[in-house]
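1. From the sequence below, what's the structure:
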Amino acid sequence: MLNCIIIDDEQFSVDALLKYIGLMPELNVVGIYNDPLIALKTLSAEKGLSLLFMDVDMPNLSGLELAAALRPITQKLIFTTAHSKYAFDAFEAAADAFLLKPFSFGKFSTTINRLFPSKNPAQNVLQANNEYFLVKSKEEDLAMVKICFSEIITFESSQNYVRIHLVGDKVLTAYLTLKDVLNLTGNRPEFQQFHRAFVISTNQISRIKGTMIHLSNSVSFPVGDLYRDAFSAYLGEKLLLTSRKA
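-> Next up, the predicted model:
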């Protein structure tokens, strides 16, 4: 059992977390604090905590300031915030993960499973066998084609279809929507949507210039306005910056 505490001044955010936590039986909430000052006073001597969920933008004391005092009491720290601008600061504060509100249950559960890998051999086998799916391909006269997630560069929306770009310059067309794709890839953090027409494998990004993303094939696109927060959160997690003083 993983004992966890929530610190967030917005009750609707707490309620959303409790809903997701309730779907994961290994998580056990042992405390909820809407006031960061009370949390600081109460939790400073806490021991044996597995996981701390903490908002960043809170009155009187920010989550970043609170983390400086409470980081030693917990095994893992996850910042939850609606502001992607805090992504870099969150990792500077020794956070283990950064969840940008509103996040899906797929993103939430994937983060938890990454931080606390399953020790159940049967579960590990199940995950190992879940590395591909079958789809009816228009190019193959609707024959079912096996597609490995590791071979996917991007899913591209194209009218009533989705074009699946694979390594080796292969493209398949399937009668799907991007909503179907997001449901399929929801528990795989490498797949992200930064444009309304593309769900990409971030493993296949070759370079980023400004807000233009270039993939390992010939596909490139600008980050859409609706996806800038998600893109900023991705950069905050992946961008390596020097610690050298200016």
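2. residues near the nearest residue to residue 175 once chain neighbours are set aside, how many?
-> With sequence-adjacent residues excluded and distances taken as Cβ to Cβ, 6 or more residues apart in numbering, residue 175 is closest to residue 161, at 5.9 Å. Quick note: C-beta positions are derived from backbone N, CA and C, even for glycine. The number of residues packed near residue 161 is 15, by other Cβ atoms under 10 Å.
3. ditto for the one 5 residues further on
-> The number of residues packed around residue 166, counting by other Cβ under 10 Å, is 18.
4. And for residue 160?
-> So residue 160, with other Cβ under 10 Å, has 8 neighbours.
5. Which residue, neighbours along the chain excluded, lies closest to it?
-> residue 175 (6.9 Å).
6. ok, the residue positioned nearest the centre of the chain - contacts?
-> Geometric centre of the chain, nearest residue: residue 107, 4.4 Å, by Cα atoms, centre = their mean. Taking Cβ atoms under 8 Å, 6 or more residues apart in numbering, we find residue 107 in contact with 99, 186, 189.
7. same deal with residue 165?
-> 152, 153, 154, 155, 156, 171, 215, 217, 219.
8. Check residue 13 too.
-> Neighbour list for residue 13: 55, 80, 101 [criterion: Cβ under 8 Å, 6+ apart].
9. Quick check: bridge partners of the first one?
-> Per DSSP bridges, the residues bridged to residue 55 are residue 80.
10. before we move on, the earlier item: is it true that the residue nearest to residue 175 touches residue 173?
-> Yes. Using Cβ atoms under 8 Å, residue 161 is in contact with residue 173, at 5.1 Å.
11. and the contacts of residue 165, which are buried?
-> Neighbour-count burial (16 or more other Cβ atoms under 10 Å) applied to the contacts of residue 165 gives 152, 153, 154, 155, 156, 215, 217, 219.
12. any idea how far residue 197 lies from residue 189?
-> Residue 197 sits 21 Å away from residue 189, going by Cβ to Cβ, to the nearest Å.
13. So what sits opposite residue 31 in the bridge?
-> The partner residues for residue 31, given DSSP bridges, come to residue 5.
14. From what I see, it and residue 38 are in contact.
-> No. Taking contacts as Cβ under 8 Å, residue 31 lies outside contact range of residue 38: 10.4 Å.
15. between the two, who's got more neighbours?
-> Legend: neighbour count by other Cβ under 10 Å for residue 31 and residue 38, higher for residue 31 (15 against 12).
16. wait, what's in contact with the more buried one?
-> Per Cβ under 8 Å, 6+ apart, neighbours of residue 31: 5, 6, 42, 43.
17. go on, residue 222?
-> Applying Cβ under 8 Å, 6+ apart, the residues near residue 222 are 195, 211, 212, 213.
18. go on, residue 24?
-> 109, 112.
19. Buried residues in stretch 233-241, which are they?
-> Result for stretch 233-241 [16+ other Cβ under 10 Å]: buried residues 233, 234, 236.
20. Give me the phi and psi angles of the residue nearest to the centre of the chain.
-> Torsion angles at residue 107 (phi, psi; degrees, to the nearest 10) stand at phi -70, psi -40.
21. Now for this protein, the helix or strand with the poorest mean pLDDT.
-> helix 121-128 (a mean of 45; mean pLDDT, DSSP states H and E).
22. coming back round to it: and the contacts of residue 165 as JSON lines, adding pLDDT?
-> As requested, the contacts of residue 165 are exported to JSON lines (pLDDT from 0 to 100):
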{"residue": "152", "pLDDT": "96"}
{"residue": "153", "pLDDT": "97"}
{"residue": "154", "pLDDT": "97"}
{"residue": "155", "pLDDT": "97"}
{"residue": "156", "pLDDT": "96"}
{"residue": "171", "pLDDT": "95"}
{"residue": "215", "pLDDT": "97"}
{"residue": "217", "pLDDT": "94"}
{"residue": "219", "pLDDT": "95"}
